[in-house]
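> Build me a structure from this.
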Amino acid sequence: MAAGYKAEDEYDYLFKVVLIGDSGVGKSNLLSRFTRNEFSLESKSTIGVEFATRSLNVDGKVVKAQIWDTAGQERYRAITSAYYRGALGALLVYDATCHSTFESVERWLGELRDHTDPHIVVMLVGNKSDLRHLVAVSTEDAKSFAERESLYFMETSALESTNVDAAFGEVLTQIYDVVSKKSIHNGENGTQSSAVPSHGEKIEVASKDDSAVNKTGCCST
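Got it, this is the predicted structure:
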């Protein structure tokens, strides 16, 4: 541990989580709401890559989430490999008021699966649920897609802070479940180094909590 390392910065696990989805779906505001409890109506498109961190207590362990946010525009796609490297979880975000962003979800999911461990924890997130009168993607359609692709699913509002903590928290808890089981299986002591799978290593995701796919909690305030 480095000298001067603050006690509050200590953690048992460090999990990298990526935000993906089209530009304008609210990825940056989900990140700022979760990590700083901030929201900006004037937020501009992300240029390149940004990341922020937040630590949570999961099962008595301190889990530090390192959440990466990237521009959704096509011209930034060259950063793909480095962006996805080491990610154990992903929030795949679409704008519930813009159907074209939902149509892009399948492509983003394909790209994610091309660059990450096959058992990465993925949550489909329908953001901007506060704009109920403008909704263009039904909860049922999104839920059906999530179930078909074995994704978790939640509808969120970064503006109203609805389900933002719940979405990130569910992803981090599911990653922790995978990693802690893997650590026990390997006889490891649960340090953060065990959190990142080696190349080509298969991690079995527990199926005990399939109900989480349906825990939408949508449109709640």
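> Please make it C-alpha for all contacts and neighbour counts, starting now.
Fine.
> pLDDT-wise, which helix or strand of the chain ranks last?
Lowest by mean pLDDT, DSSP states H and E among the helices and strands of the chain is helix 80-84, with a mean of 83.
> Tell me the helices and strands packed up against it.
Secondary structure elements in contact with helix 80-84, counted by 3 or more C-alpha pairs under 8 Å, 6 or more residues apart in numbering; DSSP states H and E, are helix 105-115.
> what residues does the helix it packs on touch?
I20, G21, T80, S81, Y84, R85, L92, V93, Y94 (C-alpha atoms under 8 Å, 6 or more residues apart in numbering).
> all strands for the protein, in order.
13-20, 49-58, 61-70, 87-95, 121-127, 152-155 (DSSP state E).
> Identify each buried residue in the second one, please.
Neighbour-count burial for strand 49-58, with 16 or more other C-alpha atoms under 10 Å as criterion, is recorded at F51, T53, S55, V58.
> With the last one instead?
Within strand 152-155, the residues that count as buried by 16+ other C-alpha under 10 Å are Y152, F153, M154, E155.
> show me where pLDDT drops low in the protein?
Within the chain, the segments meeting pLDDT under 70 span 1-9, 43, 46-48, 71-79, 185-221.
> ok, longest helix in it?
Taking DSSP state H as the criterion, the chain has its longest helix at helix 164-186.
> what's the angle between that one and strand 49-58?
70 degrees (axes from the mean of the first three to the mean of the last three C-alpha atoms, to 10 degrees).
> sorry, back to before: can you tell me which of the contacts of helix 105-115 are classed as buried?
I20, G21, Y84, L92, V93, Y94.
> Got phi/psi on the second one?
G21 has phi and psi values of phi 140, psi 170 when expressed as degrees, to the nearest 10.
> before we move on, the earlier item: now tabulate the contacts of helix 105-115 in JSON lines and tack on distance to L159.
What follows is the contacts of helix 105-115, written out as JSON lines (distance: C-alpha to C-alpha, whole Å):
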{"residue": "I20", "distance to L159": "19"}
{"residue": "G21", "distance to L159": "18"}
{"residue": "T80", "distance to L159": "28"}
{"residue": "S81", "distance to L159": "31"}
{"residue": "Y84", "distance to L159": "27"}
{"residue": "R85", "distance to L159": "30"}
{"residue": "L92", "distance to L159": "18"}
{"residue": "V93", "distance to L159": "15"}
{"residue": "Y94", "distance to L159": "15"}
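> so which of those would you say is closest to F102?
Closest approach to F102 among the contacts of helix 105-115 (C-alpha to C-alpha): Y94, at 5.3 Å.
> and that closest one, what is it in contact with?
G21, D22, V25, T101, F102, V105, L124, V125, G126, N127.
> Could you export the residues you listed to a markdown table, including columns for distance to S40?
Conversion of these to a markdown table gives the following (distance: C-alpha to C-alpha, whole Å):
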| residue | distance to S40 |
| --- | --- |
| G21 | 19 |
| D22 | 18 |
| V25 | 13 |
| T101 | 21 |
| F102 | 23 |
| V105 | 24 |
| L124 | 22 |
| V125 | 19 |
| G126 | 18 |
| N127 | 15 |
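> who wins for neighbours among the residues you listed?
Of all these, V125 has the most neighbours under the rule other C-alpha atoms under 10 Å, reaching 31 neighbours.
> quick one: that one from A166, how far?
Taking C-alpha to C-alpha, to the nearest Å as the measure, V125 falls 11 Å from A166.
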